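**Student:** Prediction below, plus the sequence it came from.
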Amino acid sequence: MGSLYRAFESKDGLFRAALDAYNEQVVQGRVRVHLLESTDPVAGIRSFFTSAFQAGPEPDPGCLLTNTAVESFTVPQAAAGVRRGLETIESGFTEALTRGRALGLLSADLNVEVSAAHLLALYQGLLVLVRAGTPVTKLHTITGGAMASIAPEKGGQR
């Protein structure tokens with residue numbers, strides 16, 4: 001136990017380090033794969049959403065970033081890490097939307113910053129619903145609504 005306190009100074013320090021590692025490995029990794037490296041940025045946004053609830057080999061306990069944000073009033077020292085993670089996701093949405101608009105996949109008059117903020121809010125809400133056991137069909141409906149918010153004439157489908 002002494003070596004933990006030497007390395008992290010406190011339980012709060014250990015948690016901040018864990019959240020920082022999660023942001024670097026998981027959040028930035030998902031943003032890179034789905035939002036930054038996708039050849040079709042609109043499809044990448046859809047896959048970013050659906051990857052949050054597609055069944056994997058083991059049950060998903062949820063997103064550390066989202067769970068911490070929901071409970072951040074009990075861990076105020078984690079607020080900076082939560083903000084950094086949310087900013088990473090929002091900037092990933094901004095980048096994907098900007099590329100989608102430049103490629104003619106989205107309306108030229110789409111307000112990228114506002115849409116990125118809306119997508120972030122919808123995505124975080126979706127993660128809470130996933131954690132609450134919301135049926136996958138409803139999660140797909142929510143994802144469809146998120147996509148329609150950026151490409152209404154096509155309902156986000158292409």
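**Tutor:** That came through, no problem. Predicted, not measured: the structure shown is a model, and the values here were computed from it.

**Student:** Only C-alpha atoms from now on, for both contacts and neighbour counts.
**Tutor:** Noted.

**Student:** residues in contact with Ala108?
**Tutor:** Arg101, Ala102 (CA atoms under 8 Å, 6 or more residues apart in numbering).

**Student:** how would you label it: helix, strand or coil?
**Tutor:** coil (DSSP: H, G, I helix; E, B strand; the rest coil).

**Student:** What are the boundaries of the helices in this protein?
**Tutor:** 2-8, 11-22, 28-30, 41-50, 64-70, 79-102, 112-131, 136-150 (DSSP state H).

**Student:** Skipping adjacent residues, who's closest to the residue nearest the centre of the chain in space?
**Tutor:** Compute the mean C-alpha point of the chain, and by CA atoms, centre = their mean the closest residue is Ile89, 5.0 Å away. Computed as CA to CA, 6 or more residues apart in numbering, the closest residue to Ile89 that is not its neighbour in sequence is Val31, at 6.3 Å.

**Student:** neighbours around the one you found, how many?
**Tutor:** 22 (other CA atoms under 10 Å).

**Student:** Glu90 is in contact with that one, correct?
**Tutor:** No: the pair Val31 / Glu90 is not scored as a contact, 9.3 Å apart, by CA atoms under 8 Å.

**Student:** Least confident secondary structure element in this protein?
**Tutor:** Ranking every helix and strand in the chain by mean pLDDT, DSSP states H and E puts helix 2-8 at the bottom, with a mean of 60.

**Student:** low-scoring stretches of the protein, by residue?
**Tutor:** In the prediction, the chain carries residues with pLDDT under 70 at positions 1-10, 55-62, 72-75, 153-158.

**Student:** gap between the residue nearest to Ile89 and Phe49?
**Tutor:** Look at Val31 and Phe49: by CA to CA, to the nearest Å, they are 11 Å apart.

**Student:** Could you do Thr137 as well?
**Tutor:** Look at Thr137 and Phe49: by CA to CA, they are 13 Å apart.

**Student:** sorry, back to before: would you point to the one among the helices of the chain that's packed deepest?
**Tutor:** helix 41-50 (a mean of 22; mean count of other CA atoms under 10 Å).
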